[in-house]
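K.L.:
Structure of the sequence below:
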Amino acid sequence: STSENTDEEYSAADLLPLFAQGDLDALQELEGDEEEEEGSHSSPPIESAREHLEDGSNSDSDDDGEDPLTNFFRIRLDGLLRQNQRRPPRVTSKLFTKLGIDPLWDSHTTIDLSIFYNENISQELKMDEDYINYKSGKGFAFLHYPFILQPHVKSIGLQFDNRINMSRSIDPFFVMMSGEYPYLKLVVKRSNIVEDALTHLEMVAEEDPGQLQRQLYVEFDGEEGVDEGGVQKEFFQLIIAELFNPNYAMFVDIEDTRQVWFNAQSFEVDHNYKLIGMLLGLAVYNNVILAIRFPTVLYQKLMGEAPDIRDLIQSHPLLGSSLQQLLDYPDTDVEDVFLLDYVASTTGLFGESITHELLEGGADTPVTSDNKHDFVAKYVDYVLNTSVSKQFDQFKKGFDMIAAHSPLKAWFRPEELEKLIVGSPKLDFKALEPVARYDNGYDADTDVVKWFWEVTHAMTDDDKSKLLAFSTGCGRAPVGGMGEMNFIIVKNGGDSERLPTAHTCFNVLLLPEYDSKEKLRIKLYSAIQHFEGFGMI
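P.N.:
This is a model prediction of the structure:
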């Protein structure tokens, strides 16, 4: 169409967002130049796509059973994947004109891959069907292009895959004869939780590693409680807190962040690090969020990506920033200004300074403008790799024992894996309220329900975390945020002096119908401040 107020012509493509115009421009780059002849002009990609969708009888994909829409998306996505092989965009591209981008820009420029998330596809995708297509190799599957899907959507596909692996690890004959469903069962004492779990998991890993692919079932010795998800959540909370206890000295706090890193001088035996890696893998496998504080570079290393100075800046900000200042220094008098040798300095087990030569004779080798890049590369490698290789290798070995047969590394990027494992500290109860469900006589208009949300929204972040942990067994939001949670508030009798209780296995809060907002507030705060174990209900 042509605007009434201007002579400039617009096509349907101009009505799309800029990122969508970029996708269509990519298709035109792949096909357009070969079809252009003197005196003619190829159809814009959006018009070609419309013709392709409307004229199913002439589709090239009819022979293989692929519908026109699927074929169009396949061509579109394959074109994006070949982006690095494409010529620079044409100078006349409307998209590049609007953005003011030089068409000879560096094709290796780094961008945030999250811009490729497609919210509409993520919301509308039927993951069960897409997963079947992915596994069978028949038909189109967006899981072959995981960069498009938001992490919480891919986590659903991962749960499908985990459940299938769990069922494959079971001997049907054993189930038929015993009448029992074989789990990976852990019986532990609260007072000896690390040793009990370590002993059993080591025995399973040595004698029958296939058991690690079964669904986890946890039982606390001497306590009532059937593990339908809630007991294992508490188990993970307790054992992770114990293993990260400073008394074990397996990890050290990074002084300028709230995160931890491997202790290069730890006296702990290797299998304790392997145990933590196994626990990390089991948590992902059983869909449990862990309260751990590793920097993102750990997940990069688990995915096989080599860290660099940017990762050191993120994990150890003071040290990383100092090294970056060295790299950015423009003059040639580096040796006189910085007074550095080829030596790395770290903090020991008792706070003492420990030095390490980065090459033979490093203490006598000054850092200059000519070798500063080599010095920084060696320093980064020492802090994030060499100094903790013994600890990390065992940690990764334990993680891979669980995750080796999973599509985890194919579908998720390191930062997505981090969200999958540790969730999000952002607790948006206003996003949870619209998706919450009610039962046994409650609904969104019940007075006590309204009071509950008013009290909750007024809580501090710390109390919100306690409430979430009380109700669900975990004080962090899942990947995708609290709007993706299942949360149910159930009426638990009329007004009484009883405290609220919860079925953490199912994210169910049991709430008596208190007769005032103040009484609800007092009872709710009392419940979330003093809870542990499964003897409350």
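
K.L.:
can you map out the strands along this protein?
P.N.:
Using DSSP state E, the strands assigned to the chain run over residues 184-188, 216-220, 251-253, 260-262, 343-347, 353-357, 437-439, 488-491, 501-503, 508-511.

K.L.:
Pick the most deeply packed of those strands.
P.N.:
Among the strands of the chain, ranked by average contacts under mean count of other Cβ atoms under 10 Å, first place goes to strand 508-511 (a mean of 23). Yep, even glycine has a C-beta here, placed from its N, CA and C like the rest.

K.L.:
Put the alpha carbons of that one into CSV.
P.N.:
Listed next in CSV are the C-alpha coordinates belonging to strand 508-511 (Å, rounded to 0.1, in the frame of the first residue of the first chain):
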residue,chain,number,x,y,z
VAL,A,508,-0.5,-26.7,48.6
LEU,A,509,-1.0,-24.2,51.4
LEU,A,510,-3.7,-25.3,54.0
LEU,A,511,-5.2,-22.2,55.4
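
K.L.:
Asn486 - how many residues pack around it?
P.N.:
By the other Cβ atoms under 10 Å criterion, the neighbourhood of Asn486 contains 12 residues.

K.L.:
what about the nearest residue in space to Tyr329 that is not next to it in sequence, how many neighbours?
P.N.:
Here the nearest residue to Tyr329 in space, its sequence neighbours aside, is Val337; by Cβ to Cβ, 6 or more residues apart in numbering that works out to 7.1 Å. Other residues within reach of Val337 by the criterion other Cβ under 10 Å amount to 12.

K.L.:
So the closest residue to Asp270 other than its chain neighbours versus Ser114, what's the distance?
P.N.:
Closest residue to Asp270 in three dimensions, ignoring its sequence neighbours and counting by Cβ to Cβ, 6+ apart: Gln394, at 4.5 Å. Separation of Gln394 from Ser114 (Cβ to Cβ, to the nearest Å) stands at 32 Å.

K.L.:
out of the two, which sits in the more crowded spot?
P.N.:
For Gln394 and Ser114, the more surrounded residue by other Cβ under 10 Å is Gln394, and the numbers stand at 21 against 12.

K.L.:
Let me see the contact set for the more buried one.
P.N.:
If a contact means Cβ atoms under 8 Å, 6 or more residues apart in numbering, then Gln394 has 270-271, 273-274, 277 as its contacts.

K.L.:
Quick one: buried ones out of those?
P.N.:
Among these, those scoring as buried are 273-274, 277 (criterion: 16 or more other Cβ atoms under 10 Å).

K.L.:
Filter these down to just the ones in helices.
P.N.:
Among the buried ones among the contacts of Gln394, the ones falling in helices (DSSP state H) are 273-274, 277.

K.L.:
Switch these over to CSV; also include pLDDT.
P.N.:
Below are these laid out as CSV (pLDDT from 0 to 100):
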residue, pLDDT
Tyr273, 90
Lys274, 89
Gly277, 92
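
K.L.:
Closest one of those residues to Gly361?
P.N.:
Taking Cβ to Cβ as the measure, Gly361 sits nearest to Tyr273 out of those, at 32.2 Å.

K.L.:
list the contacts for the closest one?
P.N.:
Going by Cβ under 8 Å, 6+ apart, the list of residues near Tyr273 reads 250, 262, 391-392, 394-395, 398.

K.L.:
Leu467 now?
P.N.:
Leu467 makes contact with 456, 459, 524, 528 under the criterion Cβ under 8 Å, 6+ apart.

K.L.:
can you list the weak-confidence ranges in the stretch 351-500 of the chain?
P.N.:
Low-confidence regions of the stretch 351-500 of the chain, defined by pLDDT under 70, span residues 351.

K.L.:
Helices of that one, start to end?
P.N.:
Per DSSP state H, counting those that start in this stretch, the stretch 351-500 of the chain carries helices over the ranges 372-384, 389-403, 408-411, 414-422, 429-432, 447-457, 461-472.
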